[in-house]
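Peer 1: sharing a sequence plus its predicted fold:
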Amino acid sequence: LPEVDGVSATVLEKDIVMHKKTDGKYGGHTLIYNVKFLTAGNETVVYSVPQELFDYISVGRPGTLATIDGEFFDFGDGEEISL
């Protein structure tokens, strides 16, 4: 299993971006839910997250930012992460 890296972080900003699809017969669009975090190491990072998490978290919320190979995995209160 891949190694999960966890770091304390705080939510700085939330943003929704509409991305136009160019594939398929009808095209269309998709929404991308981005969250900007400030890590304990004073680094600012932005990740695309699932809509459910985007809706659940609020600006200013602290938690544990979990990544795998530099990609977003989870953000929570430090509870056990299961793969």
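Peer 2: Everything's here; your move.

Peer 1: low-confidence ranges in this structure?
Peer 2: Counting by pLDDT under 70, the chain has low-confidence residues at 23-27, 78-83.

Peer 1: 90 instead?
Peer 2: 1-2, 19-30, 76-83 (pLDDT under 90).

Peer 1: now do the strands in it.
Peer 2: 4-20, 29-39, 44-49, 62-68, 71-76 (DSSP state E).

Peer 1: now for the spatially most central residue of the chain: which residues touch it?
Peer 2: In the chain, the residue lying closest to the centroid (Cα atoms, centre = their mean) is residue 49, at 3.6 Å. Residue 49 is in contact with 33, 34, 35, 72, 75, counting by Cβ atoms under 8 Å, 6 or more residues apart in numbering. Using the backbone N, CA and C atoms, a C-beta is placed for each residue, glycine as well.

Peer 1: now those: which count as buried?
Peer 2: 33, 35, 72, 75 (16 or more other Cβ atoms under 10 Å).

Peer 1: could you work out the most separated pair of these?
Peer 2: 33 and 75 (12.0 Å; Cβ to Cβ).

Peer 1: in a markdown table, list the contacts of residue 49 along with distance to residue 15.
Peer 2: Output for the contacts of residue 49, formatted as a markdown table (distance: Cβ to Cβ, whole Å):
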| residue | distance to residue 15 |
| --- | --- |
| 33 | 8 |
| 34 | 5 |
| 35 | 8 |
| 72 | 14 |
| 75 | 15 |
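
Peer 1: which one of those residues is nearest residue 64?
Peer 2: Among those, and counting by Cβ to Cβ, the member closest to residue 64 is residue 75, at 7.0 Å.

Peer 1: distance of the residue nearest to the centre of the chain relative to residue 19?
Peer 2: According to Cβ to Cβ, to the nearest Å, residue 49 stands 15 Å off from residue 19.

Peer 1: equivalent analysis for residue 39, please.
Peer 2: Counting by Cβ to Cβ, the gap from residue 39 to residue 19 is 26 Å.
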